[in-house]
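Asks: below: sequence and its predicted model.
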There are 2 protein chains.
Amino acid sequence: MSTSVDALGGSPLANDTLLRALRREPVEHTPVWLMRQAGRYLPEYNATRARAGSFLALARNPELCAEVTLQPLARFPLDAAILFSDILTVPDAMGLGLSFAQGEGPRFAHPLRDEASVRALAAPDLEDLRYVFDAVACIKRALAGRVPLIGFAGSPFTLACYMIEGGGSDDFGRVRRMAYARADLLARIVDINTQAVTAYLDAQVAAGADALMLFDTWGGLLTRSAYERFSLEPMRAILRALRPGRDGRSVPTIVFTKGGGGWLDALASSGASGIGLDWTVDIAQARARFGAVVALQGNLDPLVLTTDPATVVREAGAIVRAAGPGPGHIFNLGHGIVPAADPENVAALVETVHNVSREIHSASRVARLT
Amino acid sequence: MSTSVDALGGSPLANDTLLRALRREPVEHTPVWLMRQAGRYLPEYNATRARAGSFLALARNPELCAEVTLQPLARFPLDAAILFSDILTVPDAMGLGLSFAQGEGPRFAHPLRDEASVRALAAPDLEDLRYVFDAVACIKRALAGRVPLIGFAGSPFTLACYMIEGGGSDDFGRVRRMAYARADLLARIVDINTQAVTAYLDAQVAAGADALMLFDTWGGLLTRSAYERFSLEPMRAILRALRPGRDGRSVPTIVFTKGGGGWLDALASSGASGIGLDWTVDIAQARARFGAVVALQGNLDPLVLTTDPATVVREAGAIVRAAGPGPGHIFNLGHGIVPAADPENVAALVETVHNVSREIHSASRVARLT
């Protein structure tokens, strides 16, 4: 059944459902993985992080990255692993000086606050990101072909948001202002990020990643025309430029613009195999409009995982049913899992997605045969 | 030309462009007003607020409300005034105990955190909101028929967000959790808010408001089905129930769901005369799809007003041109004006909207005649 081969180990993937769903090929069940599935809702993650000393120390230690990447797979029959890392490794390697203050978000010591700093910006030396590729290889060995490994990067625009603001923000006002008043500077930052992210993702594939995801967390803050120019077009350029995978086929890709529900038409033409949907999108409508051209990933509200198993079963089942039996649905949350999520609810979620989708897919096969 | 009559004073409005645009009747120029046009970007507003002692003291003083409502009209040839008030007056009158801490957002002393508090909730006595209706009457007298006065309320769902969380929030997690796990409680809160807001808006019209707006700031946080149930349907119920205006005609209405760009099809059927668009929506596309059935209001990114006059002229002109010459465009921002907005930029904005739209409308008339 499986045709995906792990060219590093030479072993086929035991479960390649994710890759087949991204290629809109038939599957027996809907694959499910969760954004930030290795994270603070898991006590074992918090223990490893405490042992590492800090989030960055953890992210820079390939063995510990492999450990936390595999933790959720030990608990739940998830259909994919995702590299444990952070999107801001790339601007950090450009010399912006990343840190995470306790209980706060990321901070850059040297944000892009003037023209000179933008002019001085250059794509990083990939050697400075070797720890990420080492983590990919380490995770890949630990997975031993069990499920595919998803590599990822931030979108060029989303990286630019943090690089310009110097950290998180309610509204990324500096970035939006630059998009209007100094579009030339924003274009330069985004161009450099595009080169950097392309090389970064190619290197993740070379190290073992089976699929790739671009996280465009903040593209939804832009006007449609600024989104197309500063976020979508750079992502298209990356997707066009990516090298083939280790098996010679194109690597399955997912793009996710949070708040991009009004722009699915544009995202459907990004060149990605799949589009991530946040929870505001009606997945039945999205499947009806775009399901024939692109896989769709999503889209349970992460807050559902803070309720109770009965609510999780109802809400997750509703999404599987709304997505329907056609090929090309990957179940996920509409945004990253929150620390208050209950692991018991995650177990109920994964079980529901597998069970309900098996029923739907098998009923659909029977209907086609009769 | 004008057919709108101020039934209180018996005098017609000198400028009823806003009302005509909301009814999709021909206009000579695109009317423009700005959400939060009386606000902290104006030094004279800050002076009045300082004199009042606090935001709430200002909002509860009808004479001072009239003073700040008219301040932006003294500077800029805006086509409408909007009542100076706050959406949280209504839950405050329900006994939730509103306060504003210095430099922070709103806080309720008695948020709806348990079933008993939800069961005890009741629509307010309108007498406790008399100060708002007095402000409407006071502003109306001060306007002397110059431009229409817009009254407003928060949407039942957006009010529920603050009532449940007890204040602002990054993600309104308690509210979203309630939508999944205790939909019955959220439905009860929203129902009571629907009754309260309907009566509140009717009373604003009786006191002199010429048009009404529903601010649904947080509806965009919901799934589509939860949005329809908890935000859109209650707004529809209000719009259906509103009494006719003082001239016997239905009062022009605007609904604005921030982050609702993916749901314009649903909003177009809300029963409102106009839909507010945030800046992420392509207004040319929205006009092409919905311009024949509903007026559209928007949608400049408020951050543009923190740039420079040349950028403002370019960006505002682009929106007027994208909206085109057809009837039913009201120019506004895509969200409230920010304190860092430069009044000089606001002047450039209003002038640009008037000039560019006059050209477009007159070219369109010439084209129709020839």
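Replies: Alright, I've got the coordinates.

Asks: for beta bridges, what are the partners of the residue nearest to the spatial centre of chain A?
Replies: In chain A, the C-alpha nearest the mean C-alpha coordinate belongs to A:Met213, at 4.2 Å (Cα atoms, centre = their mean). For A:Met213, the beta-bridge partners are A:Phe152, A:Ile254 (DSSP bridges).

Asks: so who does it touch?
Replies: A:Ile82, A:Ile150, A:Gly151, A:Phe152, A:Ala153, A:Thr253, A:Ile254, A:Val255, A:Phe256, A:Gly276 (Cβ atoms under 8 Å, 6 or more residues apart in numbering or on different chains). C-beta: built from backbone N, CA, C; applies to glycine.

Asks: take the residues you listed and lay them out in JSON lines including neighbour count.
Replies: JSON lines is the format used below for the contacts of A:Met213 (neighbours: other Cβ atoms under 10 Å in any protein chain shown):
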{"residue": "A:Ile82", "neighbour count": "23"}
{"residue": "A:Ile150", "neighbour count": "23"}
{"residue": "A:Gly151", "neighbour count": "27"}
{"residue": "A:Phe152", "neighbour count": "22"}
{"residue": "A:Ala153", "neighbour count": "25"}
{"residue": "A:Thr253", "neighbour count": "23"}
{"residue": "A:Ile254", "neighbour count": "25"}
{"residue": "A:Val255", "neighbour count": "28"}
{"residue": "A:Phe256", "neighbour count": "27"}
{"residue": "A:Gly276", "neighbour count": "28"}
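
Asks: report the mean confidence score over stretch A:327-343.
Replies: Stretch A:327-343 comes out with an average pLDDT of 97.

Asks: burial check on whatever residue of the stretch 1-150 of chain A ends up closest to chain B, number of neighbours?
Replies: Closest residue of the stretch 1-150 of chain A to chain B, Cβ to the nearest Cβ: A:Gly105 (11.3 Å). Burial of A:Gly105 is recorded as 11 neighbouring residues (other Cβ atoms under 10 Å in any protein chain shown).

Asks: excluding chain neighbours, what is closest to it?
Replies: Nearest residue to A:Gly105, sequence neighbours excluded (Cβ to Cβ, 6 or more residues apart in numbering or on different chains): A:Gly168, at 3.9 Å.

Asks: and that neighbour, how far is that from B:Asp171?
Replies: Here A:Gly168 is placed at a distance of 13 Å from B:Asp171 (Cβ to Cβ, to the nearest Å).

Asks: same question for A:Asp184.
Replies: 35 Å.

Asks: neighbour-wise, which of the two wins?
Replies: Neighbour comparison, A:Asp184 and B:Asp171: the larger count goes to B:Asp171, with 15 against 10 (by other Cβ under 10 Å).

Asks: picking that back up, I'd say the residue nearest to A:Gly105 and A:Val175 touch.
Replies: No - with contact defined as Cβ atoms under 8 Å, A:Gly168 does not reach A:Val175; the gap is 11.7 Å.

Asks: higher neighbour count, the two?
Replies: Neighbour totals were compared for A:Gly168 and A:Val175, and A:Val175 leads with 26 against 14 (other Cβ under 10 Å).

Asks: name the helix or strand for that one, please.
Replies: helix A:173-181 (DSSP states H and E).

Asks: adding pLDDT, write the contacts of A:Met213 out as CSV.
Replies: Output for these, formatted as CSV (pLDDT from 0 to 100):
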residue, pLDDT
A:Ile82, 98
A:Ile150, 98
A:Gly151, 98
A:Phe152, 98
A:Ala153, 98
A:Thr253, 98
A:Ile254, 98
A:Val255, 98
A:Phe256, 97
A:Gly276, 98
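
Asks: quick one: the residue nearest to the centre of chain A from chain B, how far?
Replies: 21 Å (Cβ to the nearest Cβ, to the nearest Å).

Asks: distance from the chain centre to the longest helix seen in chain A, please.
Replies: When chain A is parsed with DSSP state H, its longest helix is helix A:343-369. Remark: helix A:343-369 is offset 23 Å from the chain centroid, using Cα atoms, centre = their mean, to the nearest Å.

Asks: which helices and strands sit right next to it?
Replies: Contacts defined by 3 or more Cβ pairs under 8 Å, 6 or more residues apart in numbering or on different chains; DSSP states H and E place helix A:343-369 against helix A:62-75, helix A:309-323.

Asks: residues of the first one that come out buried?
Replies: Of the residues in helix A:62-75, A:Pro62, A:Leu64, A:Cys65, A:Ala66, A:Glu67, A:Val68, A:Thr69, A:Leu70, A:Gln71, A:Pro72, A:Leu73 count as buried by neighbour count, 16 or more other Cβ atoms under 10 Å in any protein chain shown.
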